[in-house]
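**Q** The following block contains a protein sequence and its predicted model.
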Amino acid sequence: MSLAQKSVFIRDATGLVRSVGTFDAFNISFSFVNILSSLWVYSWTPVGYPRANTALAILMIGPVVMLVAVIYAVMSNLIPRSGGDYVWVSRIVHPAIGFMQNFYMNFAFIYWLALVISWVPNWYLSVLFSWLGVATNNPTMATWAANMSAPMWTFIIGSLFIPYIFVILMGGMKTLALAQRVLFVIANFGMIALFVVMFTTPTSTFISNFNHYMQASGSTTTYNSVIYTAQTAGYSPGWGIIPTIIALPYAFSMYGGYNWSSYIAGEVKNAKTKMSRTILPTGLLSIICFTLMGFGIFHLAGFDFYNGIQYIYYNSPAAYPKALILPPLINYFVTFATNNFWIILAILVAYVFNGIWMIGALPAFISRCWFAWAFDRIVPTKLAEVSSRFKVPTYVVILEGLFTWIALYLLVFTQFFAYQANVIVGWMVCYAIVALSVAVLPWRKRDLFESVAPVYKRRFLGVPLLSILSGIMFAFFVFMTYAASVNSALGGPMTWASVGIGIFGMFIIGLAIYAASYLYHKRIGIDIGMAFKEIPPE
């Protein structure tokens, strides 16, 4: 037997353990969906999509979200391995394409992780301290609130989460699952309380509390004057069905994480039958909760007030009421819903823990992708070494912590991530690659296709249902790539640097890493391509 045949994989088993239950897999994925963070989902629409009803758009695009969830559930049941879509694409199409696609996704993941970490001081602690300063007449709290958005404090507080990430990942998936369970209770208690407050508080109460606050702050701004100012600045009141339909691509781009439990499928118990029970409910709950968040804030604050003040903040910042010392976020405006100190405190504290809940998920997805790369020998195999005690890829966790800290520094103090302005475009390309890979599965890997559930093997005009569904998914993401490329409100402003470096640059680097690894291993007598003819061992 040749060396290449002996060394298809670095060992006969991954060393990882299937210790994650169905609920924990769901929870880890749902935590990154992070419904409470949708406070920014509803901020940009009045500027980028005038007269669109974001809540309705979020609901209308739901069937597409569930289509993606179905495809990921089918493939995760079929190939339940760490690395998720990297494993599928690299086996079905080509390892270079699979690595290129997943490399880009993980670069985006690191950026998003640093961004999520920064949200804790910038969005959650700042609102909590600001409200406490007003509610308790404590100037110190107001000072703390102002400090939370300062770069140095963002970096200092954010850096405290790097050891947290390291500890929960080094403790193994059981430790991560336990931490996420505790945070699930706190965060979702806050979410339920928020929904109750938004849907049970009359708009008239919000108006009264808002006007009282502005008057007490020495401002002449009133609820009605905000709407008038917005209209003067160019805001169009009300909403229409056509503008809402136009906003559907934007609405879809707000969904993320509901299908990402596929990346940890190699550690989920009975994954061949249970992955669909983690991905499909996550997708469905995402649709329900995102929609409720939108209709809730519109009920509480009024559609034109909420959208109007967003329009002022982004388009005419000089007209934004100075008495409102924070951006017009949902968690800030809920403080005008009631004078009950303890209810508002519970919601705002839950927001902080919600941010930590979100932080715990993404590192798990990232680390298992890097592990899968190493197990296939694309990156140094040292990264695939697993702790005998905790059953985690130790060196991956260490490297991930370092990269996250560097990314946080670059995010806070530099313009480096300006190159990621078009991350949505690259993200859509990656999903299109996954969809196309699944569409050709029946022809590229016929034996593997025979293991899918019978319903997906049913043929229409000779084409399996799985290929039809994934073909629709592919067409949608091709459209989304185009939509994000031509509309800066969705895909960001396109520049030669952001496209050349942020998108094509990352894809080219991914291809180059694979090519370098392939040539290096070929020179020492190992054909790493052999590994991609097989499904990795468990």
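**A** Sure thing, it's come through. Bear in mind that the values here come from a model prediction, so they are computed numbers and not experimental data. Numbers count the residues shown, from 1 in each chain.
**Q** mind checking how far residue 53 is from residue 306?
**A** 11 Å (C-beta to C-beta, to the nearest Å). Yep, even glycine has a C-beta here, placed from its N, CA and C like the rest.
**Q** should've said residue 426
**A** Relative to residue 306, and taking C-beta to C-beta, residue 426 is found at 31 Å.
**Q** what number of residues lie near residue 461?
**A** Number of residues near residue 461 (other C-beta atoms under 10 Å) recorded here: 5.
**Q** nope, residue 292 is what I was after
**A** Other residues close to residue 292 by other C-beta under 10 Å number 20.
**Q** Which strand or helix spans it?
**A** Of the helices and strands defined by DSSP states H and E, residue 292 is found in helix 271-301.
**Q** how about that helix: buried residues?
**A** Going by neighbour count (16 or more other C-beta atoms under 10 Å), the buried part of helix 271-301 is 271, 274-283, 286-287, 289-301.
**Q** So which elements touch the helix ranked longest in the chain?
**A** As assigned by DSSP state H, the longest helix anywhere in the chain is helix 341-375. Contacts defined by 3 or more C-beta pairs under 8 Å, 6 or more residues apart in numbering; DSSP states H and E place helix 341-375 against helix 22-33, helix 85-92, helix 95-119, helix 126-135, helix 161-170, helix 173-200, helix 330-333, helix 394-413.
**Q** which of those helices sits most buried?
**A** helix 85-92 (a mean of 26; mean count of other C-beta atoms under 10 Å).
**Q** quick check: angle from that one to helix 341-375?
**A** 30 degrees (axes from the mean of the first three to the mean of the last three C-alpha atoms, to 10 degrees).
**Q** now helix 85-92: how far from the chain's centre is it?
**A** Remark: helix 85-92 is offset 21 Å from the chain centroid, using C-alpha atoms, centre = their mean, to the nearest Å.
**Q** Torsion angles phi and psi at residue 464?
**A** phi -60, psi 150 (degrees, to the nearest 10).
**Q** The nearest residue to it once chain neighbours are set aside: what's it in contact with?
**A** Counting by C-beta to C-beta, 6 or more residues apart in numbering, residue 464 lies nearest to residue 442, which is 5.0 Å off, once chain neighbours are set aside. Residues near residue 442 by C-beta atoms under 8 Å, 6 or more residues apart in numbering: 449, 464, 466-467.
**Q** Quick one, which of these are buried?
**A** Neighbour-count burial (16+ other C-beta under 10 Å) applied to the contacts of residue 442 gives 449, 464, 466-467.
**Q** Which of the residues you listed sits closest to residue 109?
**A** Of all those, residue 466 has the smallest distance to residue 109: 26.9 Å, by C-beta to C-beta.
**Q** mind listing what the closest one touches?
**A** Counted by C-beta under 8 Å, 6+ apart, residue 466 has contacts 71, 74, 438-439, 441-442, 449, 452, 456-457.
**Q** again with residue 116
**A** 37, 355, 358-359, 362.
**Q** okay, and the helix or strand of this protein with the least pLDDT?
**A** When the helices and strands of the chain are scored by mean pLDDT, DSSP states H and E, helix 3-6 comes last with a mean of 42.
**Q** what about the residue nearest to residue 464, which SS state?
**A** Classification of residue 442 by DSSP: H, G, I helix; E, B strand; the rest coil places it in helix.
**Q** circling back to that earlier point, mind checking which of the helices and strands packed on helix 341-375 is nearest residue 528?
**A** helix 95-119 (7.6 Å).
**Q** tilt between the closest one and helix 126-135?
**A** Using the same axes, to 10 degrees: helix 95-119 against helix 126-135 is 10 degrees.
**Q** how about the strands in the stretch 401-538 of the chain?
**A** Ranges of strands within the stretch 401-538 of the chain are 459-460, 463-464, based on DSSP state E, counting those that start in this stretch.
**Q** Please tabulate these in JSON lines, including the columns mean pLDDT and distance to residue 239.
**A** What follows is these, written out as JSON lines (pLDDT from 0 to 100; distance: least, C-beta to C-beta, whole Å):
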{"stretch": "strand 459-460", "mean pLDDT": "94", "distance to residue 239": "38"}
{"stretch": "strand 463-464", "mean pLDDT": "96", "distance to residue 239": "39"}
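**Q** Just tell me which of those strands ends up closest to residue 128.
**A** Here strand 463-464 is closest among the strands of the stretch 401-538 of the chain (C-beta to C-beta), at 51.9 Å.
**Q** in the protein, which ranges drop under the pLDDT threshold?
**A** In the predicted model of the chain, residues 1-7, 34-41 satisfy pLDDT under 70.
**Q** For residue 523, find the nearest of the helices and strands packed on helix 341-375.
**A** helix 95-119 (17.5 Å).
**Q** Direction-wise, compare that closest one with helix 22-33 and give the angle.
**A** Using the same axes, to 10 degrees, helix 95-119 lies at 70 degrees relative to helix 22-33.
**Q** what distance separates helix 95-119 from the centre of its chain?
**A** 10 Å.
**Q** how close does the most centrally placed residue in the chain sit to residue 50?
**A** For the chain, the residue nearest the mean C-alpha position is residue 256 (4.1 Å; C-alpha atoms, centre = their mean). Distance, residue 256 to residue 50, by C-beta to C-beta: 25 Å.
**Q** And for residue 22?
**A** When residue 22 is compared with residue 50 (using C-beta to C-beta), they lie 43 Å apart.
**Q** Ok, residue 177 next?
**A** Distance from residue 177 to residue 50, by C-beta to C-beta: 44 Å.
**Q** Find the nearest non-adjacent residue to residue 255, please.
**A** Nearest non-adjacent residue to residue 255 (C-beta to C-beta, 6+ apart): residue 65, at 5.3 Å.
**Q** ah, wrong one, I meant residue 220
**A** residue 214 (7.8 Å).
**Q** Please identify the helix or strand for the one you found.
**A** Assigned by DSSP H and E, residue 214 falls in helix 203-216.
**Q** Dump that helix to CSV, restricted to CA.
**A** Only the C-alpha atoms of helix 203-216 are listed here, as CSV (Å, rounded to 0.1, in the frame of the first residue of the first chain):
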residue,chain,number,x,y,z
THR,A,203,-48.6,54.1,22.0
SER,A,204,-50.2,57.0,23.9
THR,A,205,-48.1,55.9,27.0
PHE,A,206,-44.9,55.9,25.0
ILE,A,207,-45.8,59.4,23.6
SER,A,208,-46.5,60.7,27.1
ASN,A,209,-43.3,59.3,28.6
PHE,A,210,-41.2,60.5,25.6
ASN,A,211,-42.6,64.0,25.8
HIS,A,212,-42.1,64.1,29.6
TYR,A,213,-38.5,63.0,29.3
MET,A,214,-37.7,65.6,26.5
GLN,A,215,-39.3,68.4,28.6
ALA,A,216,-37.5,67.4,31.7
